[in-house]
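Participant: just coords:
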């Protein structure tokens, strides 16, 4: 299986032998990206695990699921807001238009759930009723649907620090976004989430909550970027078992990275201290969930690709308009 480093080395050949400036490589939680000479960007997905920032492990084909599922969702939502995707030249790669990411990440929540200190249910269970600028009534049960989806924005790394939880009003008050742009972002996020819930329901899934990232394109327009409605960026529950489990007070059956997070928690690890060794069966089970989500949502059979041999990569890149 060819490595990602070898894949990158093949790119200049795919461009007809011209030099390709790959300086300034950037690595995120689950992808690496490289600026191309034509003003676009190559993204290579990885199999890094982002359930905890410092936990790196391998879930087979995870990167390919994130890459291809996001591309599918971009198609399903392009009538709601433009996005940065140009093409998917390979199961492991995407070509995107460069956009300046906004400082604010948008979290849309449809259910009151979660166990971390920033989660709605955690704070509600401690007696809080005014959370993130919303007032919640007494008597809500864990994992219950909210009357309407709500937005709880958070910052990206930068001037205000990473993961600062905000109210919608504070986004403008703190000068993170102007009122017009923030209005566009909120409207788009709620529309995309509604579309996501509708599609998920048809696949016998529940889209519980999600994170969206937006950017500003060179023409000044707001565009959807990053990944969309994947098991890494969203929480999914199995719909056909939800009601029974909810009535019994049991947690829903999840099909997202929370599965891995909970397994680590069972071993006493919540992001701090020594990382426990986990069996290979965990990664196989996680991979099965990721692939199941892909197949349920898209209606397609997941075909696992390998990191491409040179002729196929060159052919794929040329088909994507890079020659």
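Facilitator: Received the coordinates, thanks. This is a predicted model, so every value here is computed, not measured.

Participant: helices or strands up against the strand or helix carrying residue 44?
Facilitator: Take DSSP states H and E as the rule and residue 44 turns out to sit in strand 40-45. Applying 3 or more Cβ pairs under 8 Å, 6 or more residues apart in numbering; DSSP states H and E, one finds that strand 40-45 makes contact with helix 4-14, strand 31-35, helix 62-77, strand 93-97. Backbone N, C-alpha and C define where each C-beta goes, glycine included.

Participant: ok, then the element right after the last one?
Facilitator: The C-terminal neighbour of strand 93-97 among helices and strands, as given by DSSP H and E, is strand 100-101.

Participant: same question, the third one
Facilitator: Using DSSP H and E, the helix or strand that directly follows helix 62-77 along the chain is strand 85-90.

Participant: quick one, helices of this structure?
Facilitator: Remark: helices assigned in the chain by DSSP state H are 4-14, 62-77, 120-125, 168-173, 179-202, 242-247, 258-266, 280-298, 310-319.

Participant: of those helices, which stretch is the most buried?
Facilitator: With neighbours taken as mean count of other Cβ atoms under 10 Å, those reach their highest mean count in helix 62-77, at a mean of 23.

Participant: report the distance from that helix to the chain centre.
Facilitator: Its chain's C-alpha centre and that of helix 62-77 lie 10 Å apart, by Cα atoms, centre = their mean, to the nearest Å.

Participant: now the angle between strand 93-97 and the strand holding residue 44, please.
Facilitator: With axes from the mean of the first three to the mean of the last three Cα atoms, to 10 degrees as the basis, strand 40-45 and strand 93-97 are set at 150 degrees to each other.

Participant: show me the contacts for residue 132.
Facilitator: For residue 132, the contact set (Cβ atoms under 8 Å, 6 or more residues apart in numbering) comprises 120, 150, 152, 165-167.

Participant: closest to residue 256 among the residues you listed?
Facilitator: Closest approach to residue 256 among the contacts of residue 132 (Cβ to Cβ): residue 120, at 16.6 Å.

Participant: find the nearest non-adjacent residue to that closest one, please.
Facilitator: residue 112 (4.7 Å; Cβ to Cβ, 6 or more residues apart in numbering).

Participant: thinking again about what came up before, now the helices of the chain as a markdown table including distance to residue 134?
Facilitator: Shown next, in a markdown table, are the helices of the chain (distance: least, Cβ to Cβ, whole Å):
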| stretch | distance to residue 134 |
| --- | --- |
| helix 4-14 | 42 |
| helix 62-77 | 25 |
| helix 120-125 | 9 |
| helix 168-173 | 9 |
| helix 179-202 | 14 |
| helix 242-247 | 22 |
| helix 258-266 | 23 |
| helix 280-298 | 28 |
| helix 310-319 | 46 |
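
Participant: now mean pLDDT and distance to residue 224 too, for those helices, in JSON lines please.
Facilitator: Formatted as JSON lines, those follow (pLDDT from 0 to 100; distance: least, Cβ to Cβ, whole Å):
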{"stretch": "helix 4-14", "mean pLDDT": "48", "distance to residue 224": "25"}
{"stretch": "helix 62-77", "mean pLDDT": "93", "distance to residue 224": "7"}
{"stretch": "helix 120-125", "mean pLDDT": "95", "distance to residue 224": "24"}
{"stretch": "helix 168-173", "mean pLDDT": "97", "distance to residue 224": "17"}
{"stretch": "helix 179-202", "mean pLDDT": "98", "distance to residue 224": "7"}
{"stretch": "helix 242-247", "mean pLDDT": "97", "distance to residue 224": "28"}
{"stretch": "helix 258-266", "mean pLDDT": "82", "distance to residue 224": "23"}
{"stretch": "helix 280-298", "mean pLDDT": "89", "distance to residue 224": "17"}
{"stretch": "helix 310-319", "mean pLDDT": "48", "distance to residue 224": "24"}
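
Participant: nearest to residue 228, out of these?
Facilitator: helix 62-77 (3.9 Å).

Participant: mind giving me the packing neighbours of the closest one?
Facilitator: When contacts are defined as 3+ Cβ pairs under 8 Å, 6+ apart, helix 62-77 packs onto strand 40-45, strand 85-90, strand 93-97, helix 179-202, helix 280-298.

Participant: what's the local residue count around residue 233?
Facilitator: When neighbours are counted by other Cβ atoms under 10 Å, residue 233 registers 24.

Participant: before we move on, back to that, the helices of the chain: which one's closest to residue 233?
Facilitator: That would be helix 62-77 among those, by Cβ to Cβ, at 8.2 Å.

Participant: quick one, the closest one and strand 93-97 angle?
Facilitator: 40 degrees.
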